[in-house]
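*Asks:* Pasted the sequence and its predicted model underneath.
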Amino acid sequence: MNKTNQSTTINLYDLTFDELTQFLRDLNEPPFRARQIWEWLYRHYAPDFASMTNLPQTLRQKLAATATLHIGQIVASLHAKDGQTKKILIRLPDGQYIETVLMRYEKRRTLCISTQAGCAMDCVFCATGQMGFFRNLSSGEIVAQVMHFARELATTGEHVTNIVMMGMGEPLHNYHNTLSALDRLTDPNGFNLGARKITISTVGLVPAIRRYADEQRQTPLAVSLHAATDEERNKLIPINRRWPLAELMDACRYYVEKTKRRLTFEWALIEGENDTIEQAQALGRLVQGMLCHVNLIPLNPTAGYKGGPSSRERVAAFQAELARYGITSTVRVRRGIDIQAGCGQLRDRVIGQDLSK
Ligand code: SAH
């Protein structure tokens with residue numbers, strides 16, 4: 001069970017199936033009730049206990065008195081002009097804020113979820129990094145973000161098809177709760193999303209990458225590289241001083257070797273900073289021959305960082321240079337720019353205007 005849940009009532013999303021079974025045993029309920037409730041939570045996305053109609057009224061009342069399914073309060077909800085992107089800001093019971101984004105793209109319904117309130121990694125261009133670290137999310141708080149949108153999508157016959165852990169926080173800095181949430185979301189008897197449909201994105205915590213590789217999970221990993229020399233990466237990503245590129249690349253190669261899975265590198269292109277041909281060549285040398293793919297994303301400007309996105313021409317030149325090294329890359333469209341859908345930006349805006357009351 002998570003230690004970060006500070007309320008006295010239990011949030012059922014925080015429990016594994018075995019813990020739920022034990023919880024019901026403590027309420028003198030038979031184990032089959034756990035199976036029923038699990039289905040209400042992860043197959044029907046029940047919003048409350050009252051709607052769990054195959055449970056006796058007395059049990060529903062008992063549950064309402066001792067447990068909750070509450071994620072927090074949705075204090076802002078924004079739709080991008082593209083009509084395909086929606087972002088919510090959630091105020092957790094202890095007053096912390098997190099963000100979750102839904103992106104529709106053709107048949108995909110991708111959620112970008114948070115794993116921490118704030119972030120301790122201090123990446124200079126990242127809105128969450130700029131706000132600092134508040135706390136880890138419990139596994140239930142991670143899972144509940146997904147259930148919120150699963151419930152909403154179900155009203156129009158849609159469902160969550162993909163998840164990226166690219167919201168607020170560093171997933172591997174909250175290792176246990178993130179992986180516990182992953183187990184919950186992929187449980188064949190529950191939400192049953194394919195492990196391959198969930199991407200974990202990391203700033204590059206070397207020991208955690210190795211530990212994750214050893215677990216040999218199907219869940220893809222993305223590493224936020226953003227620079228291919230220590231000199232440049234130190235400027236953008238302070239954690240690089242702790243685990244410089246040589247160590248990071250060793251861990252990345254270890255991951256590919258162990259899992260036989262293709263690794264994704266994330267690269268936010270910042271005009272005149274890390275979008276030079278020299279950086280493209282350094283990246284080419286760094287990852288040449290490795291089973292990998294590079295995602296190029298023109299920077300989302302943030303309040304605390306003066307850099308801007310690379311022009312279309314510079315993005316194209318960078319990509320062409322990578323191709324010379326045989327490295328495949330995709331330029332990702334910046335979605336929801338008008339609703340501050342970049343990492344941590346909605347919280348900035350809402351708190352900045354003090355709409356939190
Ligand atoms: N902490 C994790 C996941 C959260 S951020 C990580 O570092 O990977 C998800 C991705 O968005 C990361 O690649 C991150 O570097 C990138 N990112 C953060 N701020 C950005 C910005 N302003 N513009 C473009 N990408 C950004």
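*Replies:* Perfect, thanks for sending it.
*Asks:* Spell out which parts of this protein neighbour the ligand.
*Replies:* Residues of the chain lying close to the ligand (CB under 6 Å from any ligand atom) are 121, 123, 125-126, 166, 170, 201-203, 224, 266, 268, 297, 299-300, 302, 342-343. Every C-beta, even on glycine, is put in place using the N, C-alpha and C of the backbone.
*Asks:* which stretches of the stretch 201-350 of the chain form strands?
*Replies:* Assigned by DSSP state E, counting those that start in this stretch, the strands in the stretch 201-350 of the chain fall at 221-224, 263-269, 292-298, 329-331.
*Asks:* Show the pLDDT at the closest residue to Leu172 other than its chain neighbours.
*Replies:* Once flanking residues are discounted, Leu172 sits nearest to Ala208: 3.8 Å by CB to CB, 6 or more residues apart in numbering. pLDDT recorded at Ala208 is 98.
*Asks:* State the mean pLDDT of the helix or strand where Ile90 lies.
*Replies:* Ile90 is part of strand 85-91, with elements assigned from DSSP states H and E. For strand 85-91, mean pLDDT is 93.
*Asks:* neighbouring strands for it, and are they parallel or not?
*Replies:* Counting by DSSP bridges, the strands paired with strand 85-91 are strand 73-79 (antiparallel), strand 97-105 (antiparallel).
*Asks:* From Phe265, how far out is the closest residue to Ala317 other than its chain neighbours?
*Replies:* Among residues not flanking Ala317 along the chain, Ile277 sits closest, at 6.7 Å (CB to CB, 6+ apart). Ile277 sits 18 Å away from Phe265, going by CB to CB, to the nearest Å.
*Asks:* Kindly report the same for Arg241.
*Replies:* 19 Å.
*Asks:* again with Asp18
*Replies:* Using CB to CB, Asp18 is found at 37 Å from Phe265.
*Asks:* In terms of neighbours, single out the busier of the two.
*Replies:* Between Asp18 and Phe265, counting by other CB atoms under 10 Å, Phe265 is the more crowded of the two (23 against 9).
*Asks:* mind checking the backbone torsions on the nearest residue to the more buried one once chain neighbours are set aside?
*Replies:* The shortest distance from Phe265 to any non-neighbouring residue, by CB to CB, 6+ apart, is to Leu225 (4.4 Å). When read as degrees, to the nearest 10, the backbone of Leu225 gives phi -90, psi -60.
*Asks:* for Leu225, what are its contacts?
*Replies:* Listed by CB atoms under 8 Å, 6 or more residues apart in numbering, the contact set of Leu225 reads Gly204, Arg233, Phe265, Glu266, Trp267, Leu283, Val294.
*Asks:* Flag the shaky bits of the stretch 1-150 of the chain, pLDDT-wise.
*Replies:* Where the stretch 1-150 of the chain drops to pLDDT under 70, the residues are 1-8.
*Asks:* how about a cut-off of 80?
*Replies:* Applying pLDDT under 80 to the stretch 1-150 of the chain flags the ranges 1-8, 81-83.
*Asks:* can you count the residues close to Leu153?
*Replies:* Leu153: 18 neighbours (other CB under 10 Å).
*Asks:* Helices along the protein, start to end?
*Replies:* Remark: helices assigned in the chain by DSSP state H are 17-26, 32-42, 57-66, 127-131, 139-154, 175-186, 206-215, 230-236, 245-259, 277-287, 312-324, 345-352.
*Asks:* right, and these - which one's nearest Gly95?
*Replies:* For Gly95, the closest of the helices of the chain is helix 345-352, at 10.9 Å, according to CB to CB.
*Asks:* which stretches of the stretch 201-350 of the chain aren't confidently modelled?
*Replies:* Within the stretch 201-350 of the chain, the segments meeting pLDDT under 80 span 333-350.
*Asks:* With Glu29 as the reference, measure out to Thr58.
*Replies:* 10 Å.
*Asks:* Please apply the same query to Val101.
*Replies:* From Val101 to Glu29 the distance is 37 Å (CB to CB).
*Asks:* Those two: which is more packed in?
*Replies:* For Val101 and Glu29, the more surrounded residue by other CB under 10 Å is Val101, and the numbers stand at 27 against 20.
*Asks:* Surely the more buried one touches Met168?
*Replies:* No - using CB atoms under 8 Å, Val101 is not in contact with Met168; the gap is 10.5 Å.
*Asks:* Leaving out chain neighbours, which residue sits closest to Thr186?
*Replies:* Counting by CB to CB, 6+ apart, Ala195 is the residue found nearest to Thr186 once chain neighbours are left out, at 4.9 Å.
*Asks:* Now do the domain split for the protein, please.
*Replies:* The chain breaks down into these domains under automatic domain parsing: 10-68, 73-356.
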